[in-house]
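Peer 1: sequence unavailable; structure follows:
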């Protein structure tokens, strides 16, 4: 495990640096421009300040297979909330990357809050919104954007991009933390719309163990001149975990970080 001093340094490096109003220059500017084209295909010339999605959701975990409702909310400041309601109880997750030190927590049917460890807070907090994923990834201080290549994903041709948060090479375990802050985005070369993203989660007590998470976006529809995926599927370690079928979309309703967290 990293020392407390290392964690403090990395938090300062990643979150106290001023966030640029435009995507930070990477070592591969062409890749950044291509992802900007994808962002334009998603949101046009509009500014996305906040988003609320209400959906049905199927949750699969071991022998559990249940269907319920979900509300997913996020703001451009970097706060997100996911609320799930099933017959077995309610689940909630709140992540805040807007402050100097990122934080997150989750609760289950017993309403007890559990903290999310720092090493699981480098991934996109608004993983259910490709527009927020791309804009957040491009504006992350120290982000290195690269075009990996053209590939086949689920028998479809895609363009593969990688966004890595680069830490100082002289810092102990910098490679480990870069692994925690790596995001891959797969874009349809014709529509320029993202079809999937992938990143790693980790057990609370082991930041070195990677658990791959894949998020698939499909059934895009035009809402207020923006392209919104109406199906979002999450695969956890290669197995379907949650399947969201979006019912309603609310864009730029004036959500605040406080209103999401409370």
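Peer 2: Here it is on my side, so go on. Since this is a predicted model, take the numbers as computed values, not measurements.
Peer 1: for the protein, which residues score under the pLDDT cut-off?
Peer 2: 1-29, 166-178 (pLDDT under 70).
Peer 1: all helices for it, in order.
Peer 2: Ranges of helices within the chain are 4-15, 29-43, 130-138, 174-180, 257-261, based on DSSP state H.
Peer 1: and the third one, what does it pack onto?
Peer 2: Just to be clear, that refers to helix 130-138. If you count contacts as 3 or more Cβ pairs under 8 Å, 6 or more residues apart in numbering; DSSP states H and E, helix 130-138 packs onto helix 29-43, strand 143-153, strand 182-187, strand 194-201. (C-beta placed from N, C-alpha, C; glycine too.)
Peer 1: can you rerun that using 6 Å?
Peer 2: Other helices and strands packing on helix 130-138, by 3 or more Cβ pairs under 6 Å, 6 or more residues apart in numbering; DSSP states H and E, are helix 29-43.
Peer 1: over to the longest one?
Peer 2: Contacts defined by 3+ Cβ pairs under 6 Å, 6+ apart place helix 29-43 against helix 130-138, strand 143-153.
Peer 1: between that helix and strand 194-201, how many degrees?
Peer 2: 110 degrees (axes from the mean of the first three to the mean of the last three Cα atoms, to 10 degrees).
Peer 1: if we can go back for a sec, can you say which of the helices and strands packed on helix 29-43 is packed in most?
Peer 2: helix 130-138 (a mean of 24; mean count of other Cβ atoms under 10 Å).
Peer 1: any idea how far residue 57 is from residue 111?
Peer 2: Taking Cβ to Cβ, to the nearest Å as the measure, residue 111 falls 19 Å from residue 57.
Peer 1: who's more crowded, the two?
Peer 2: Neighbours were counted for residue 111 and for residue 57 using other Cβ atoms under 10 Å; residue 57 has more, 23 against 9.
Peer 1: and that one, what does it touch?
Peer 2: 68, 70, 242, 244 (Cβ atoms under 6 Å, 6 or more residues apart in numbering).
Peer 1: and if you look at residue 41?
Peer 2: Residue 41 touches 192, 193, counting by Cβ under 6 Å, 6+ apart.
Peer 1: try it again at 8 Å.
Peer 2: 191, 192, 193, 227 (Cβ atoms under 8 Å, 6 or more residues apart in numbering).
Peer 1: most neighbours, which of those?
Peer 2: residue 227 leads the contacts of residue 41 on contacts (other Cβ under 10 Å) with 19 neighbours.
Peer 1: run through the bridge partners of it.
Peer 2: Beta-bridge partners recorded for residue 227 (DSSP bridges): residue 222.
Peer 1: wait, doesn't it sit right on residue 40?
Peer 2: No. Using Cβ atoms under 8 Å, residue 227 makes no contact with residue 40, being 10.2 Å away.
Peer 1: so how far is residue 158 from residue 188?
Peer 2: Residue 188 is 6 Å from residue 158, by Cβ to Cβ.
Peer 1: give me the common contacts of those two.
Peer 2: residue 195.
Peer 1: circling back: ok, which pair from the contacts of residue 41 is furthest apart?
Peer 2: Between any two of the contacts of residue 41, the greatest separation by Cβ to Cβ is 9.4 Å, found for 192 and 227.
Peer 1: quick one: end-to-end length of stretch 90-110, please.
Peer 2: End-to-end distance of stretch 90-110: 8 Å, with Cα to Cα, to the nearest Å as the criterion.
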